[in-house]
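**Student:** Give the three-dimensional model of this entry:
(chains A and B)
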Amino acid sequence: MSFRATVVTFPGSNCDRDMAVAIERISGTAPLRVWHADAELPDRLDFIALPGGFSYGDYLRSGAMAANSPIMQSVKAAADRGVPVLGICNGFQVLTEAGLLPGALLRNAGQNFICRTVALTVENSQSLFTSGYDTGQAIAIPVAHHDGNYYADDATLDRLEGEGRVAFRYAESVNGSARDIAGVLNDAGNVLGMMPHPERAVDKAHGGTDGAALFESVVKALVEA
Amino acid sequence: MKVRVHVSLKPGVLDPQGRAVHHALEGLGFSGIEDVRVGRLIELDVADGTSDEALDEMCRKLLANTVIENYRIEKAA
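**Tutor:** Take a look at the predicted model:
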């Protein structure tokens, strides 16, 4: 089976190679690479990943300029067609700035850049990104961010919780995120944004492999589709 | 035409940068500071006749994130 995935690289992305390696390790197929200035995505995609980093230097706001780059029009169109889209860290910021996910990512409440492995709780194992986990499962995934403080108004937060769209929650307060939310799904369930880095937890040499089940879930969803 | 766009976090949105500056001011001995909010000033030099609608669209599409920020457009004389 060939798994047609793509990793989008923006100027300043620095987790794109890690993402590509993780996808190839789990799916067995190297993802196609796409550059921010490309207007078109490869056709027949099974999965789109927006990696972490500091797109366009995060000069205006994290993810703001990337969200308006040419390739994002194609990513939005693909997301609307139901293609699974995963945004990690800066990729999550890009997805909120692009309006593909609700809310915004503010500066960490403690002002510090946080770089360590954190405990997460899987809040919803029914999504195509999380079926390989159990609801309530505790996992350990690294974070590395300065602007990971998830914000949305109370009505939006209530809706996300009520609709099972909080995918992951920090087991402890890490960055000030509203309700300790670490990752959210869009209403159709095919777009996931999260600040922690599952692609940095797919090999024993990483110190943990709790991120592997996320990629396995996506690959499995394709096989069953 | 010079245009200034003032972007600030909405009231109620935590501003850690403002809080840090607040602490620093108090550390310098200034008292009576109720609150500090840090925003961003963006200066544009645009063609004369650039419409208000275009300026507003620039703010909504890119310069401000209206989920968390307010903006104010000021045309310099």
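**Student:** Run through the residues of chain B sitting next to chain A.
**Tutor:** Counting by Cβ under 8 Å from any Cβ of the partner chain, the positions of chain B adjacent to chain A are B:9, B:13-14, B:16-17, B:20, B:61-63, B:65, B:67-68. In short, each C-beta sits where N, CA and C put it, glycine included.
**Student:** CSV please, covering those residues and showing neighbour count.
**Tutor:** Formatted as CSV, the residues of chain B next to chain A follow (neighbours: other Cβ atoms under 10 Å in any protein chain shown):
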residue, neighbour count
B:9, 21
B:13, 17
B:14, 16
B:16, 18
B:17, 16
B:20, 15
B:61, 12
B:62, 16
B:63, 20
B:65, 23
B:67, 19
B:68, 22
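**Student:** now, the most widely separated pair of these?
**Tutor:** With Cβ to Cβ as the measure, no two of these lie farther apart than B:20 and B:61, at 29.8 Å.
**Student:** what does chain A put close to chain B?
**Tutor:** Residues of chain A lying close to chain B by Cβ under 8 Å from any Cβ are A:60-61, A:64-65, A:68, A:96-97, A:102-104, A:106-111, A:149, A:151-152, A:176.
**Student:** Settle this for me: residue A:59 is touching residue A:11, isn't it.
**Tutor:** No: when contacts are counted by Cβ atoms under 8 Å, residue A:59 is not listed as touching residue A:11 (10.8 Å).
**Student:** Tell me where the model's unsure across chain B.
**Tutor:** Residues of chain B that meet the criterion pLDDT under 70 lie in B:77.
**Student:** how does it look with 90?
**Tutor:** Filtered on pLDDT under 90, chain B yields the residue ranges B:12, B:14, B:76-77.
**Student:** follow-up on the earlier one: of residue A:59 and residue A:11, who's got more company?
**Tutor:** residue A:11 (15 against 11; other Cβ atoms under 10 Å in any protein chain shown).
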